[in-house]
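Enquirer: whatever this is, show me its structure:
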Amino acid sequence: MYELKTKETDNSVIEFIEKVENAKKKQDAYQLLDIFAETTGYEAKMWGPSIIGFGSYHYKYASGHEGDAPLVGFSPRKTKISLYFATGDEERDSLLNKFGKHTTGKACVYINKVADIDTNVLVELIKQSVTFLQKTYPAQNDHS
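Expert: Numbering: from 1, shown residues only. Below you'll find the predicted structure:
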């Protein structure tokens, strides 16, 4: 059975952010913490060793693989800050076009610093992601 690596933990989000070595990145992490928490209404939780997630949903794929994941989240990594939004919604791409300086991976959006992005668009991306996931996986609206 496939074991999900990224699970919600009881580790302290603040302790994790305090361990971020780069002072500017730490400041950005606190700013993102405020924006994500205020926008989602969910308390920040650590997911795995390095992802700060908000809310949660339970997914189940046609393959039978299932698990829990945060609705949205971020991680202040050494080189870039990873932002986690839902994939699969067309609105995501149009919002990213207005987002500012970023790169995208399969599931992540990467930024160097908060100053490079439009935080109003960040709020829209967070809201869009939460709405999309709660519509796609409706049974789990209140697992946080």
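
Enquirer: residue ranges with poor pLDDT in the chain?
Expert: Filtered on pLDDT under 70, the chain yields the residue ranges 1-5, 139-144.

Enquirer: in it, which spans are helices?
Expert: Shown for the chain, the helices assigned by DSSP state H span residues 13-18, 23-40, 90-97, 119-136.

Enquirer: what helices and strands are in contact with the second one?
Expert: Secondary structure elements in contact with helix 23-40, counted by 3 or more Cβ pairs under 8 Å, 6 or more residues apart in numbering; DSSP states H and E, are helix 13-18, strand 44-47, strand 51-54, strand 72-76, strand 81-84, helix 119-136. Every residue, glycine included, has its C-beta placed from N, CA and C.

Enquirer: now the ones you listed in CSV, with distance to Leu32?
Expert: Converted to CSV, the helices and strands packed on helix 23-40 look like this (distance: least, Cβ to Cβ, whole Å):
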stretch, distance to Leu32
helix 13-18, 9
strand 44-47, 10
strand 51-54, 8
strand 72-76, 5
strand 81-84, 7
helix 119-136, 8
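
Enquirer: Asn112: which of the ones you listed is closest?
Expert: Between Asn112 and those, the tightest spacing by Cβ to Cβ is seen for strand 81-84, at 7.3 Å.
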